[in-house]
Structures are given as C-alpha cells and as structure tokens.
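[1] just need the structure, nothing else, for what follows:
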Amino acid sequence: MLGKPGQMPDLHNLLAFAAVAVGMVLTPGPNMAYTLSRSICQGRTAGFISLGGVALGFVVYMLCAAFGITALLLAVPYAYDAVRIAGALYLLWLAVQAVRPGGRSPFHVKDLPPSSPTKLFVMGLLTNLLNPKIAIMYLSLLPQFIDPANGSVLSQALVLGTTQIAISLMVNTLFIVSASSIARFFTYRPSFAAVQRWVMGTVFAALAVRMATESQR
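    Coordinates of the predicted model:
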C-alpha cells in the first residue's frame, strides 16, 4: 500500500538525504572536474553552460529513477532490502575512495581547449549521464529515504530528487564563481584537501552502517 498520493517525505528523511546530496556534490567526480575545468579555462559563462547540461542529466536520472522505483516497490515489496544493501555497499565504496592514498582534489583541473556553447552543454549532459556515481546514487540511495507510509512513493522520489538537484546546482554555482581562487587555495594547501576527503569518507561510512542496520520498512 503506497498511502495517500501527493505527500512529502518526512523531515528526518529529507534532511538525511540532503546531507547525502551535499556529501556527493563535494566528492570529486566527473561532473565537478568538467565544470571547474571549463570555468577556469574558458570563463564562468562556459562553466554555467556546462552546468546546465549536467542539470538536465540529473533531471533525466531523477525521472527514470522515480518511476522505476515506484514500479519496483509495487511489484516486489521485498526489493527494498536488496537496494538497501546495495546502497550501503556503495556508500562504503565511496568512503574508501575518499580516503585512499593519493586521492585527487577536484580542484586540480586540466587545461581544455575552448568549445562552443552547444558542445559545452552537450558534454555536460553526457558527462553526467555517463557518470556511474549518479546512476547508483539514484537507484540505490534514493529509495532508502522513501517511506511508503508517508504517501506516494513517486511524489517522495520527485521531491527528494529535486532536493538533490537544487543542492548540486547551488554548490556547483559557488564553485564556478570562485573556481580560480579555490583552485589556488587547494594547490598551496594540500592538507585541506586531505581533511575534506577524510570528513567525507567518515560521513559516507556512518551512513552506510545506518543503512545496512536499519530494519525493513
């Protein structure tokens, strides 16, 4: 039973998912590397155009995941346990990747040749659509914060997905606006990048334990 349609996720789940979304956007990945590289090499406008493509990729993933999760939980009620364990394992993998020796700062970007606005947007879109981190996040992590008792699974998935997209856009906008300054900061203070990785790794590990040990909804 999916409950009354149109209801929101409860505040606890919404805030917990927002924390995961912040951790994800602060973790080095293809999306951040591409938008920052474009911002530094070609200017802020190029960075924002690239971010527009990334945002469209998020919308595609959100819609596919929202409708897919709804269908899955309707067809296979016990599928929640499978995605719960998969999500916990993925978070543990992220934690290991965050703290492994030689981890690369997302602000150590490479030079890129100038591109047209259309190519910038398309490459941003493809970078996101081909990013396994985003795919797994939507398919394995998002379901953990949906409680059928709170109402429509589809509505909750859309609200959570929109929250993730909003957080990603806000954080990446700050990075684009101050890309050059932040890059210089991390270049001359590598210890701060190491601290950032360990903080993210600890957060992901704690979330993985919570996810693996919580009971089935």
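
[2] C-alpha from now on. contacts and neighbour counts both.
    Fine.

[3] how about the helices in the protein?
    Taking DSSP state H as the test, the helices found in the chain are 11-26, 30-42, 44-75, 79-99, 117-129, 132-136, 153-177, 179-188, 190-213.

[4] show me what contacts Q164?
    By CA atoms under 8 Å, 6 or more residues apart in numbering, Q164 lies in contact with F17, A18, A21.

[5] are any of these buried, and which?
    Burial by neighbour count, 16 or more other CA atoms under 10 Å: within the contacts of Q164 this picks out F17, A18, A21.

[6] looking at those residues, which one is closest to D147?
    Among the buried ones among the contacts of Q164, F17 lies closest to D147 (CA to CA), at 12.6 Å.

[7] list the contacts for the closest residue to the closest one other than its chain neighbours?
    Closest residue to F17 apart from its sequence neighbours, by CA to CA, 6 or more residues apart in numbering: F145 at 6.6 Å. With contact taken as CA under 8 Å, 6+ apart, F145 is in contact with P9, N13, L14, A16, F17.

[8] which one of these sits in the busiest neighbourhood?
    P9 (24 neighbours; other CA atoms under 10 Å).

[9] do I have it right that it meets N150?
    Yes - assessed by CA atoms under 8 Å, P9 is found in contact with N150 at 6.3 Å.

[10] mind pulling up the pLDDT for S50?
    With respect to pLDDT, S50 scores 93.

[11] got a list of what it touches?
    Contact partners of S50, counting by CA under 8 Å, 6+ apart, are Y34, T35, R38, L120, F121, V122, M123, G124, L125.

[12] what's the neighbour count on S115?
    So S115, with other CA under 10 Å, has 13 neighbours.

[13] pLDDT score assigned to it?
    For S115, the predicted pLDDT is 83.

[14] give me the distance between it and S50.
    Distance of S115 to S50, computed by CA to CA, to the nearest Å: 10 Å.

[15] for Q156, same thing?
    Here the criterion is CA to CA. By it, Q156 lies 28 Å from S50.

[16] now swap in L14 and tell me
    Relative to S50, L14 is positioned 28 Å away (CA to CA).

[17] and of the contacts of Q164, the nearest to T173?
    Among the contacts of Q164, and counting by CA to CA, the member closest to T173 is A21, at 15.0 Å.

[18] got a list of what that closest one touches?
    Q164, I167, S168.

[19] swap the cut-off to 6 Å and go again
    Q164 (CA atoms under 6 Å, 6 or more residues apart in numbering).

[20] which among the buried ones among the contacts of Q164 gets closest to W93?
    Checking the buried ones among the contacts of Q164 one by one against W93 (CA to CA), the nearest turns out to be A21, at 16.1 Å.

[21] quick check: the closest one vs G201, distance?
    From A21 to G201 the distance is 14 Å (CA to CA).

[22] please apply the same query to S50.
    Taken as CA to CA, the span from S50 to G201 is 27 Å.

[23] done for today, thanks.
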